[in-house]
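Student: generate coordinates for the sequence data below:
(one chain, ligands or ions: 2)
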Amino acid sequence: MTIARTLTIAGSAAQGSAGLQADLKTFQEREVYGMSAVTAIVANNSRTEQGIFTQPLEAIEAQIYAAFEHVGVDALKTGMLFTKEIIEHVTAILKEVGVSNIVVDPVMIGKMGSQLLKDDAINTIKGHLFPIAELITPNTMEAAKILGWDSIETIEDMYQAVKELHQLGPGYVLVKGGALADYPAVDVLYDGEKFTEYRSERVDTIHTSGAGCTYAAAITAELAKGNSIEDAVGLAKEFVTEAIRYALSFERGIGSTNHAAYRDKNK
Ligand SMILES: Nc1ncnc2c1ncn2[C@@H]1O[C@H](COP(=O)(O)OP(=O)(O)O)[C@@H](O)[C@H]1O
Ligand SMILES: Cc1ncc(COP(=O)(O)OP(=O)(O)O)c(N)n1
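Tutor: Ligands and ions are numbered 1, 2, ... in the order given. A predicted model of the protein is given here:
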């Protein structure tokens, strides 16, 4: 049996909704083979002062090579990279192994408040990783920060943002409009010439932890299967919308996107 192979290079979100936990659950749901390289462990709780445990560069490198050597990778995504050093090291390895389907989700601050990218690492992700990415998937806050804008408030702003972000070198830019509360859930894709909008109704919920990771992981899975970027984003948008519609509350603040919801709906 052949199966498409995916890798996430990301942080571990101990609470299970985001990070590599969301990615691996999504890979499984999209019926691809999932692998992971852990960059940092995020484990915020009321008893632990230091909730972020960065992995040594040597450990990150070993995990990436293990995935490439033992299995092979058809598409990969990056999530939490946290430091300049990790970004530089991961970029150098990806250039060496020569993988083409790279999805970069430039996560900066999680919905639970964790810092996922140090402020001094934003320029490194722009300068090193974006030029080798097939697709970058910032949310509106991340897109504004990367561009040095105050904020992105409207869909017109999103159109301007994808154009400017594309000049940083990725093949495609997808700006996600989940935070624009006055609009439906609109995302804008740009390939340097053509804009494509992806829309769904806005689900009335606060339980969207992991939505961005889940979306980028589903896109990665569909690219690994050989779909075009446009089709991969469309399929992933349907998947993440169901994951948000049937989100899991746990009744303790912001709950999790439900990675099994799309499967349950299509049974
Ligand atoms: N309340 C919502 N209802 C429906 N879709 C949403 C909602 N919030 C976010 N989305 C969608 O979820 C995906 C992830 O977007 P977003 O939440 O902006 O990313 P992030 O988790 O990185 O902040 C996008 O397709 C966005 O449009
Ligand atoms: C370890 C870790 N990585 C990434 C995220 C961000 O997840 P994302 O789905 O982009 O957004 P939030 O759900 O946090 O808003 C994370 N939280 N943890």
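Student: distance of K84 relative to T39?
Tutor: From K84 over to T39 the distance is 13 Å, taken as C-beta to C-beta, to the nearest Å. Yep, even glycine has a C-beta here, placed from its N, CA and C like the rest.
Student: those two: which has the busier surroundings?
Tutor: Neighbour totals were compared for K84 and T39, and T39 leads with 29 against 17 (other C-beta atoms under 10 Å).
Student: tell me the spacing between that one and S256.
Tutor: The spacing between T39 and S256, counted by C-beta to C-beta, is 21 Å.
Student: mind checking the end-to-end distance for stretch 238-251?
Tutor: Between the opening and closing residues of stretch 238-251 there is a gap of 26 Å (C-alpha to C-alpha, to the nearest Å).
Student: only the buried residues of that stretch, if you could.
Tutor: Within stretch 238-251, the residues that count as buried by 16 or more other C-beta atoms under 10 Å are 239-248.
Student: and whatever residue of the stretch 51-200 of the chain ends up closest to ligand 1, what is it in contact with?
Tutor: Residue nearest to ligand 1 within the stretch 51-200 of the chain: G178 (2.4 Å; C-beta to the nearest ligand atom). For G178, the contact set (C-beta atoms under 8 Å, 6 or more residues apart in numbering) comprises 139-140, 185, 208, 211-212.
Student: just those: which are in helices?
Tutor: Among those, the members found in helices (DSSP state H) are 140, 211-212.
Student: of all residues in the stretch 51-200 of the chain, which one is closest to ligand 2?
Tutor: With C-beta to the nearest ligand atom as the measure, G110 is the residue of the stretch 51-200 of the chain nearest to ligand 2, at 2.8 Å.
Student: rebuild the buried residues of stretch 238-251 as CSV, extending it with distance to Y172 and secondary structure.
Tutor: Conversion of the buried residues of stretch 238-251 to CSV gives the following (distance: C-beta to C-beta, whole Å; DSSP: H, G, I helix; E, B strand; the rest coil):
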residue, distance to Y172, secondary structure
F239, 18, helix
V240, 17, helix
T241, 20, helix
E242, 23, helix
A243, 22, helix
I244, 23, helix
R245, 26, helix
Y246, 29, coil
A247, 27, coil
L248, 31, strand
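Student: remind me which helix or strand Y183 belongs to.
Tutor: Here Y183, judged by DSSP states H and E, is contained in no helix and no strand.
Student: next one: phi and psi at it?
Tutor: Main-chain dihedrals, Y183, degrees, to the nearest 10: phi -120, psi 170.
Student: what's the burial count for it?
Tutor: Around Y183 sit 15 other residues, with neighbours defined as other C-beta under 10 Å.
Student: do E134 as well
Tutor: By the criterion of other C-beta under 10 Å, E134 has 20 neighbours.
Student: so what's it up against?
Tutor: Each residue near E134 by C-beta under 8 Å, 6+ apart is listed here: 100-103, 170-172, 223, 229.
Student: got it, and I146?
Tutor: Contact partners of I146, counting by C-beta under 8 Å, 6+ apart, are 106, 122, 125-126, 138, 165, 168.
Student: is the lowest-mean-pLDDT helix or strand in the chain in proximity to ligand 1?
Tutor: With mean pLDDT, DSSP states H and E as the measure, the helix or strand of the chain carrying the lowest mean pLDDT is helix 261-265 (a mean of 90). No - contact of helix 261-265 with ligand 1 (C-beta under 6 Å from any ligand atom) is absent, the minimum separation being 12.1 Å.
Student: how about the helices of this structure, start to end?
Tutor: 19-29, 57-70, 84-97, 122-124, 140-147, 155-166, 211-224, 229-245, 261-265.
Student: does stretch 187-199 reach ligand 2?
Tutor: No - using C-beta under 6 Å from any ligand atom, stretch 187-199 never reaches ligand 2; the gap is at least 13.2 Å.
Student: buried ones among the ones in helices among the contacts of G178?
Tutor: For the ones in helices among the contacts of G178, a neighbour count by 16+ other C-beta under 10 Å gives the buried set as 140, 211-212.
Student: thank you, goodbye.
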